[in-house]
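Enquirer: Starting from these lines, generate the structure:
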Amino acid sequence: MDKLQKKAILNQVFSPIQPIQEKDFFFGRMSQLTKIIDAINEKGQHAILYGERGVGKTSLANIMYKSFTNIYPIKITCDRRHTYRSLWEDALDKIQYSQTINGIGFNAQCKSKMISMKSLISSYSDLKTNQIVNLLNDLGSDYKLMFIFDEFDNIADQNTRHFFADLIKSLSDNNTNTTIILVGIAESVEALIGSHLSLERCLKQVKMPRMRKDECEEIVNNGLKLLDLKMDKLVLDKIVEFSSGFPHYIHLLCKYGCLELIENDKNNFTETYLTIAINKGIDNTSEQLRISFREAISSSSSSNKWKFILYACANCELDEFNSFTITNIVKEYNKITKNNVKNSDLHYCINELAKANRAEILTKLGKGRSTRYTFKNPMMRAFVKLKMNAK
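Expert: Okay, the predicted model is just below:
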């Protein structure tokens with residue numbers, strides 16, 4: 001395999017910017033994919049895939065769109081301008097069928113033309129749930145459809161979200177040929193589509209958590225295998241640790257490290273190449289993350305105190321809600337600085353990190369002894385680790 005061939009494969013297996021498009025380069029997340037498949041195979045069942053930003057929801061949606069057999073997939077990426085009607089216009093426009101038209105005259109030949117299903121709702125001034133259900137039922141049970149509405153959290157119109165909830169309930173009761181899958185950033189199903197008790201039976205809730213260690217390793221090892229490259233175990237462990245469960249950072253570090261290897265005709269990903277990958281990765285990370293980091297650690301003195309506090313936050317053990325306590329922070333801070341400070345010594349600084357003058361880099365949860373903290377942007381956790389390990 002020459003350089004050009006390796007670079008072509010590299011852009012497919014390690015893709016930090018664009019979500020993975022092909023199943024041959026998609027690794028991990030089998031549990032979530034299996035749950036979605038179960039929903040598709042169950043009559044009257046629909047699904048909602050939700051989780052934090054950057055955990056790979058769109059990549060999984062792409063794999064569903066391209067990989068499932070015996071079903072006709074339609075995938076729509078939602079934006080703030082979408083309404084219930086415009087979403088269905090976009091979705092139905094992707095379904096076309098042939099219509100035969102009789103010619104005029106004794107020997108006229110019949111002609112056929114392609115018709116978009118979008119035209120079938122053009123006469124409806126106010127699109128209703130039952131009209132969509134009837135339209136899909138008219139296709140017959142021989143046609144299996146899957147509608148994926150990705151980035152559903154972008155929809156600003158709350159009525160549109162409520163209409164989808166009503167539609168899913170109605171489809172579950174009155175339709176057997178269609179599966180709706182909603183995908184979006186949210187901490188809970190309620191945040192994405194609202195609270196509807198009637199949906200509990202027919203809407204399979206699939207949460208996309210941060211990746212486990214073995215899933216992160218699977219991305220790295222399979223990618224390296226396809227590129228015919230090797231990696232030191234210590235480097236693999238560091239990449240997994242720095243990524244904090246976000247596939248974006250796995251792809252980011254592996255891409256820039258492997259690219260440097262390929263350019264230099266080397267095949268062993270050592271710490272030297274990890275250093276290069278970290279520096280290039282930081283340069284190619286969101287500008288907003290870099291700005292927030294600078295604002296959070298800014299100081300009139302030469303002290304690294306703010307940096308170390310932020311790094312301590314990034315190293316904290318997380319609970320089930322991805323949050324941590326001041327005790328967790330102090331414990332990690334003392335490890336980093338070799339000091340022996342108490343909670344009260346850092347209390348002011350930690351609370352400041354949740355304020356606007358420090359970019360609100362932390363979000364404060366609860367009050368008093370039950371107070372916990374989490375990163376406002378979840379991906380900041382990994383970014384802080386990269387910054388503190390850059391050379």
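Enquirer: for this structure, what are the low-confidence residue spans?
Expert: 18-27, 98-112 (pLDDT under 70).
Enquirer: and it, what are its domains?
Expert: 3-11+212-283, 29-95+122-208, 287-389 (automatic domain parsing).
Enquirer: Generate a markdown table for those domains, with mean neighbour count as supplementary columns.
Expert: Bear in mind the C-beta positions are built from the backbone N, C-alpha and C, glycine included. Formatted as a markdown table, those follow (neighbours: other Cβ atoms under 10 Å):
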| stretch | mean neighbour count |
| --- | --- |
| domain 3-11+212-283 | 19 |
| domain 29-95+122-208 | 17 |
| domain 287-389 | 16 |
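Enquirer: Any figure for the gap between His251 and Asn11?
Expert: As for His251, its distance to Asn11 is 11 Å (criterion: Cβ to Cβ, to the nearest Å).
Enquirer: same question, Leu92
Expert: Relative to Asn11, and taking Cβ to Cβ, Leu92 is found at 34 Å.
Enquirer: just so I know, which of the domains of the chain lies nearest Ile17?
Expert: domain 3-11+212-283 (8.5 Å; Cβ to Cβ).
Enquirer: The chain: strands as residue ranges?
Expert: Counting by DSSP state E, one finds strands in the chain at the ranges 46-51, 72-77, 96-101, 111-116, 145-150, 178-185, 203-208, 230-231, 268-269, 362-365, 372-375.
Enquirer: Please name whichever of those is nearest to Leu318.
Expert: Going by Cβ to Cβ, the one of the strands of the chain nearest Leu318 is strand 372-375, 8.3 Å.
Enquirer: thinking again about what came up before, which one of the domains of the chain lies nearest to Met114?
Expert: Shortest distance between Met114 and those, using Cβ to Cβ, is found for domain 29-95+122-208: 10.6 Å.
Enquirer: what does stretch 198-207 contact?
Expert: Stretch 198-207 has contacts (Cβ atoms under 8 Å, 6 or more residues apart in numbering) with 32, 35-36, 38-39, 44-51, 165, 168-169, 172-173, 189, 193.
Enquirer: from the middle of its chain, how far away would it be?
Expert: 19 Å (Cα atoms, centre = their mean, to the nearest Å).
Enquirer: Equivalent analysis for stretch 317-328, please.
Expert: The mean C-alpha position of stretch 317-328 is separated from the chain mean by 22 Å, Cα atoms, centre = their mean.
Enquirer: Please save the CA atoms from that stretch in CSV.
Expert: Taking Å, rounded to 0.1, in the frame of the first residue of the first chain, the C-alpha atoms of stretch 317-328 are listed here in CSV:
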residue,chain,number,x,y,z
GLU,A,317,-14.3,10.4,38.4
LEU,A,318,-17.8,11.0,37.1
ASP,A,319,-21.1,9.8,38.5
GLU,A,320,-24.0,8.5,36.4
PHE,A,321,-24.9,12.1,35.4
ASN,A,322,-21.3,12.9,34.3
SER,A,323,-20.9,15.3,37.2
PHE,A,324,-18.5,15.6,40.2
THR,A,325,-18.2,17.1,43.6
ILE,A,326,-15.8,19.7,45.1
THR,A,327,-14.3,16.8,47.1
ASN,A,328,-13.5,15.0,43.8
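Enquirer: what does it contact?
Expert: Here stretch 317-328 makes contact (Cβ under 8 Å, 6+ apart) with 52, 210, 313, 316, 343, 346-347, 350, 365, 371-374, 378.
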